[in-house]
Structure formats: C-alpha cells, structure tokens
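**Student:** Test case, fold it:
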Amino acid sequence: MNTRSVDTLDAELPDIGAGIDIGARLSQLRQERSWTLQQASRQTGVSASALSKIERNELSPTIATLQRVARGYGMDLVDLLADKEAPRSLAGRRSVTRASGGRAYQSNSCANTLLCADLIDKKMTPIRSRVTARKPSDYGSWPVSDAEIFLTVLRGTVVVHSQIYEPLTLQEGDCLYYDASTPHIWLSDGPEDAEVIWVLAS
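**Tutor:** Alright, predicted model coming up:
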C-alpha cells in the first residue's frame, strides 16, 4: 500500500467501507462460482496471475480493474466493494451523498470514495479521488477499461499519461472526457495530492 504521508484532505475523505479485505472478497466470490483462476480470467479479462496476486493482497487493483472484475462476475462495482449485496433500486430512484459520506477504497495510486454508493446497476459510477501517485511505477499496471471516463480537477495538478497521447496536464477546474480502452494513468504534479471528481460510464 502507499505509505505517503496524508494531508488535510483526509478529513474530507470518509473511511466508510475502507476495512473491506478485497483479496478475501474476490476469493470468496470466485469460490462461490467454483471457478478456477483461469476461468475467472476468461470472464473478467484480467490475467490469472493478476487475479491471484489480488486475492493474496499482493496487488492493489485500480477502480478500472475492479470494474472489469465486477462485470465478469455479473455484479455492480458497489456490490463488489460491499460486505453484502445492496438492495435493488426501484424506478424514480435518487441518491444523496453528504460531504462526509461515500464508500472508500484505497489503491496504490488513489484514495477513492464511491459516491451515491447505495444505488446499484447504475449506468455511471461517480467517484471522488485523491491522486497519491507521483510516478508510473506507483501503478502495478496501467489501468484499461471498456468504459468512458469524465474527469474534472477540484484541486492541484493532474498529469494524464496515455499510450497514444502525449502527457496532458490538467489544472484546477480543467475537465477531460476520454475512452479508457487505452492504458492510461493519472499522476499528481507538485507537493500536494490532486483531488478530482470522475465519472466511470459503461
């Protein structure tokens, strides 16, 4: 896990759900389906070796990787990060996340908070993140997803790296919409961690 010192943004990023053992959770879900790692890999598009490392908590998966796993397991990302399945929502639904709410998930590159996490089967997943990564090696692998992403910078400076574009620097208030099917990473530039709101749409 990232051991970088925590700044004052931590007071704004809640710790709800942060205690979930994602490795044990994925292992449990795979065993419930009687899948081998190879079968899980075919279903999710994540390599068997990566899944094995995640289950042993030797690799911290990004949100994009977890989304691929969730889809392969026939689940919503929110369900995947919950201890138990959330209730299905009815038509006319809505959700409010207060400033101190959300469901937290920490990866090596970002401190993430899933917003409006009480709703599942959403067409988009809104997330607030503090980008802790400063160099490409902070990522185990570059995230890739069949989703589209909208990103806006709330604070600090974010540099977006992609395998097909030159690095793009985004300042506070800047926005970016992109196809995430190409491997990409976000890095904070400067002494302070950048903070972003992003939407993952599939």
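**Student:** so who does the residue nearest the centre of the chain touch?
**Tutor:** Compute the mean C-alpha point of the chain, and by CA atoms, centre = their mean the closest residue is Ile63, 1.9 Å away. Ile63 is in contact with 77, 105, 107, 110, 112, 127, 143, 200, counting by CB atoms under 8 Å, 6 or more residues apart in numbering. Every C-beta, even on glycine, is put in place using the N, C-alpha and C of the backbone.
**Student:** ok, it to Pro183 distance?
**Tutor:** Here the criterion is CB to CB, to the nearest Å. By it, Ile63 lies 14 Å from Pro183.
**Student:** same check, this time on Thr97
**Tutor:** Plainly put, Thr97 is 30 Å away from Pro183 if you go by CB to CB.
**Student:** And for Arg68?
**Tutor:** Distance of Arg68 to Pro183, given as CB to CB: 13 Å.
**Student:** And the contacts of the lowest-mean-pLDDT helix or strand in the chain?
**Tutor:** Lowest by mean pLDDT, DSSP states H and E among the helices and strands of the chain is helix 77-80, with a mean of 86. Contact with helix 77-80 is made by 25, 29, 63, 66-67, 69-70, 73, 85-86, 103, 114, 117-120, 122, 125, 200, as judged by CB under 8 Å, 6+ apart.
**Student:** Distance of Thr125 relative to Gln43?
**Tutor:** Going from Thr125 to Gln43 by CB to CB gives 20 Å.
**Student:** Settle it for me: which of those two has more neighbours?
**Tutor:** Thr125 (23 against 17; other CB atoms under 10 Å).
**Student:** can you tell me which residues contact the more buried one?
**Tutor:** Contacts of Thr125 by CB under 8 Å, 6+ apart are 67, 77-78, 114, 199-201.
**Student:** Let's see that with 6 Å instead.
**Tutor:** Contacts of Thr125 were listed using CB atoms under 6 Å, 6 or more residues apart in numbering, and they are 77, 200.
**Student:** Need the pLDDT of it.
**Tutor:** Thr125 carries a pLDDT score of 93 in this model.
**Student:** Tell me both backbone torsions, phi and psi, for it.
**Tutor:** Main-chain torsions, Thr125, degrees, to the nearest 10: phi -120, psi 110.
**Student:** try Thr65
**Tutor:** Taking degrees, to the nearest 10, you get phi -70, psi -40 for the backbone angles of Thr65.
**Student:** cool, the one 3 residues further on as well?
**Tutor:** For Arg68, the backbone dihedrals are phi -60, psi -40 (criterion: degrees, to the nearest 10).
**Student:** residue boundaries of the strands in the protein?
**Tutor:** 103-106, 110-114, 124-131, 148-155, 158-162, 168-170, 175-179, 184-188, 194-201 (DSSP state E).
**Student:** Many thanks, have a good one.
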